[in-house]
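Trainee: Curious how this folds, go ahead:
(2 chains)
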Amino acid sequence: MTTPTPAPATEAIAEALTQYINDDIMAAGHEITKDALFADAGVDSMALMKVLLFVEQEYGFWIPDEDLTEDVVASAETMAVYIQNKMAG
Amino acid sequence: MVASNRRLPLSGADVCLLALDRHMVRGPGLRGTSRVRTGRNIVQLVVECQGTLPQERIDAAIARFVEYAPWPLARLRRAFPWSAPFWEAPATPQAAPRVTMHEIGSGDAPLQEVLEQRLNTPLDPHAGTPVRFDVIDQGKTSHFVQTWFHPLMDPRGAETLTLHLNHLDENAQVADPWPDGVPSFVPPPQAGTRLERLRLASKGRRYLDSFRATPPTSPGGHATRSQAQSFRFKRCSFRDSGTASRAQKEMTWRLALVGRILRRVWQRHGIPEVPYLLPVSVDLRKKGEAGPVFSNHLSLHFPQFDPNAEIDAINNELRKQMFESLRHGQLEATRAAMNFIRPLPLPLLAWRMALSSRGELCSFNFADTGEYSGATETLFGCPIVNSYHLPTVTPKPGIGIFLNSCGQNQNIVVTWLDGIVGADEIDDLIAEIGKGLGWVPQPVGEHVQ
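Mentor: Residues are numbered from 1 along each chain as shown, chains lettered A, B, ... in the order given. This next block holds a predicted model:
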């Protein structure tokens, strides 16, 4: 019997998402913070697809279309809250 | 790919555009031959402003810009038919391109006439400058128009050029307009070793070859030479009613809607309704910075979908294809594959481009270019009220739908070859696409700021 891996803290998820976005999507010198709104930072639908693939790779699940609401994909922080809840629940 | 002081190599995507340009004047299915070597792969960027744009200040900004980046003065060169083409800057200082002024009456009709005339005036990139600048003055509003041969830059590059010109105008009295360092106007060198790029290219080649299985059909399949020489366009502005969901603002949903509505054109003209195949350009610039101006900074994703399916089903299919493309690094592979075919002679390149037996590369052109840069609200001192880009299309497919936004203005632009579809059909298409997107038509001359 194996012990389930505890879900990472929201803060850690938000930091991982922010780091991925800054490394792979944003230009050097234009880094975003975890509470920055994706829309304001120019994270368009193609860039968001890359973020969803990152979530699948790092956290092992796919965010279903019905959960891709404005509230969830507003920022790294809001996505982290969703991911943490999903993994904990 | 990186420029020397005088040479800027064309990217693979640029060379594909050259091959398509040749196809436009000598393509399969178009009767007769032509020795025309002027470029017809032309794109316009129109920026509409309040008031009259100052010709002298624009001329001064362009003249100063070419001191930093000579590429608006460059000529297209290819040492041998089998060598990679490049832009060559003049060896000695030359006069910068100057703005041509047009004073016309108010309203959309006279504006459309001038833009269409500029769109239909070929550029010869071998003998002349590959970009033209015009100001169309309508009294209360005026339009700054850049018209260029597409391999020089892509639409986002033209936007960035506009921003640089505006910056130079704002800093006309300053000795060093870029004290923190002159921006890079050309793309950085290709990443990876040659072997790594070759492996990527091989993967990209397999991806591109996979489209030969279902050749596209298009309204331009029966285009004649006279039609292929004349472009029409129609542009309508809308405002967003705010009723669209987040998913409906995604590019895949918008493409699904456009494809579904275009199906009526296929049905009306008795065109076989095979799955649509079309190239969607993806801007590889990183977010948050303007990025390079010159060369084509795009890769291509080729979605295929059945226009008879419902919109949500098409959207799901397109999203799946896009995710798979990103998951497997297809965009980089396609770009690498295109860069490896640069030295091919253009006729051979056209043959390698998986054209259908009637000469189509795709079913229609589509671009959702996103928002015009919010980095500036004025251009040469005049408030910007709207902006949109206006590309020509290849004879086959012969029709293109382009979505642009600027501030709260949403624009639908349709370009087509004269005669392949009726103007009333285009009006219906625009109205239906606008309605499907949840947009409300704006009366002529009214823009939301």
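
Trainee: Tell me how far the closest residue to chain A within the stretch 51-200 of chain B lies from B:Val186.
Mentor: Here the stretch 51-200 of chain B gets closest to chain A at one residue, B:Asp180, 10.3 Å apart by C-beta to the nearest C-beta. (Glycine included, C-beta is placed from N, CA and C.) Note on B:Asp180: its distance to B:Val186, by C-beta to C-beta, to the nearest Å, is 19 Å.

Trainee: In terms of neighbours, single out the busier of the two.
Mentor: B:Val186 (19 against 6; other C-beta atoms under 10 Å in any protein chain shown).

Trainee: So the more buried one, which state does it fall into?
Mentor: Here B:Val186 is coil, with the state taken from DSSP: H, G, I helix; E, B strand; the rest coil.

Trainee: Test my guess that it contacts B:Ser295.
Mentor: Yes - the criterion here is C-beta atoms under 8 Å, and B:Val186 meets it with B:Ser295 at 6.0 Å.

Trainee: Any chance of the backbone angles for B:Ile136?
Mentor: Here is the backbone geometry of B:Ile136 (degrees, to the nearest 10): phi -110, psi 110.

Trainee: Get me the contact residues on chain A for chain B.
Mentor: A:25-30, A:32, A:41-47, A:49-50, A:52-53, A:65, A:68-70, A:73 (C-beta under 8 Å from any C-beta of the partner chain).

Trainee: What subset of those is buried?
Mentor: Applying a neighbour-count criterion of 16 or more other C-beta atoms under 10 Å in any protein chain shown, the buried members of the residues of chain A next to chain B are A:25-26, A:32, A:41-47, A:49-50, A:52, A:68, A:73.

Trainee: Show me these that map onto helices.
Mentor: A:Ala41, A:Ser45, A:Met46, A:Ala47, A:Met49, A:Lys50, A:Leu52 (DSSP state H).

Trainee: Go through those and say which is closest to chain B.
Mentor: Minimum distance to chain B across these is 4.3 Å, recorded for A:Ser45 (C-beta to the nearest C-beta).

Trainee: show me the contacts for the residue of chain B found nearest chain A.
Mentor: Nearest residue of chain B to chain A, counting by C-beta to the nearest C-beta: B:Gly288, 2.8 Å away. Applying C-beta atoms under 8 Å, 6 or more residues apart in numbering or on different chains, we find B:Gly288 in contact with A:Met26, A:Ala27, A:Gly29, A:His30, A:Ile32, A:Ala41, A:Gly42.

Trainee: Could you export these as a markdown table, including pLDDT and distance to B:Pro216?
Mentor: Shown next, in a markdown table, are the contacts of B:Gly288 (pLDDT from 0 to 100; distance: C-beta to C-beta, whole Å):
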| residue | pLDDT | distance to B:Pro216 |
| --- | --- | --- |
| A:Met26 | 94 | 36 |
| A:Ala27 | 90 | 35 |
| A:Gly29 | 88 | 42 |
| A:His30 | 90 | 38 |
| A:Ile32 | 95 | 39 |
| A:Ala41 | 88 | 36 |
| A:Gly42 | 85 | 32 |
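
Trainee: quick check, nearest of the residues you listed to B:Met251?
Mentor: Nearest to B:Met251 among these, counting by C-beta to C-beta, is A:Gly42 at 14.3 Å.

Trainee: was I right about that closest one contacting B:Lys286?
Mentor: No - judged on C-beta under 8 Å, A:Gly42 makes no contact with B:Lys286 at a distance of 9.4 Å.

Trainee: just to confirm, which helix or strand has A:Ile13 in it?
Mentor: Secondary structure from DSSP states H and E places A:Ile13 in helix A:10-24.

Trainee: Tell me which residues of that helix come out buried.
Mentor: Across helix A:10-24, burial judged by 16+ other C-beta under 10 Å covers A:Thr10, A:Ile13, A:Ala14, A:Glu15, A:Ala16, A:Leu17, A:Thr18, A:Tyr20, A:Ile21, A:Asn22.

Trainee: before we move on, what about stretch B:415-435?
Mentor: B:415-418, B:420-421, B:425-426, B:429-430, B:432-434.

Trainee: need the contact list for residue 69.
Mentor: Unless you meant another one, I'm taking chain A. A:Thr69 neighbours (C-beta under 8 Å, 6+ apart): B:Arg246.

Trainee: My question was about chain B, not that one.
Mentor: Counting by C-beta under 8 Å, 6+ apart, B:Ala69 touches B:Phe185, B:Val186, B:Val293, B:Phe294.

Trainee: Pipe these into TSV and attach pLDDT and distance to chain A per row.
Mentor: Below are the contacts of B:Ala69 laid out as TSV (pLDDT from 0 to 100; distance: C-beta to the nearest C-beta, whole Å):
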residue	pLDDT	distance to chain A
B:Phe185	94	15
B:Val186	93	16
B:Val293	95	15
B:Phe294	95	18
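
Trainee: Could you export these as CSV, including distance to B:His143?
Mentor: Formatted as CSV, these follow (distance: C-beta to C-beta, whole Å):
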residue, distance to B:His143
B:Phe185, 24
B:Val186, 28
B:Val293, 21
B:Phe294, 23
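
Trainee: And those, which two are furthest apart?
Mentor: Taking C-beta to C-beta, the two most distant members of the contacts of B:Ala69 are B:Val186 and B:Val293; they sit 7.6 Å apart.

Trainee: Quick check: neighbours shared by those two?
Mentor: B:Ala69, B:Trp71.

Trainee: now the nearest residue to B:Ser11 once chain neighbours are set aside: how far from B:Thr376?
Mentor: Spatially, and ignoring its direct neighbours in sequence, B:Ser11 is nearest to B:Asn296 (5.0 Å; C-beta to C-beta, 6 or more residues apart in numbering or on different chains). Separation of B:Asn296 from B:Thr376 (C-beta to C-beta): 24 Å.
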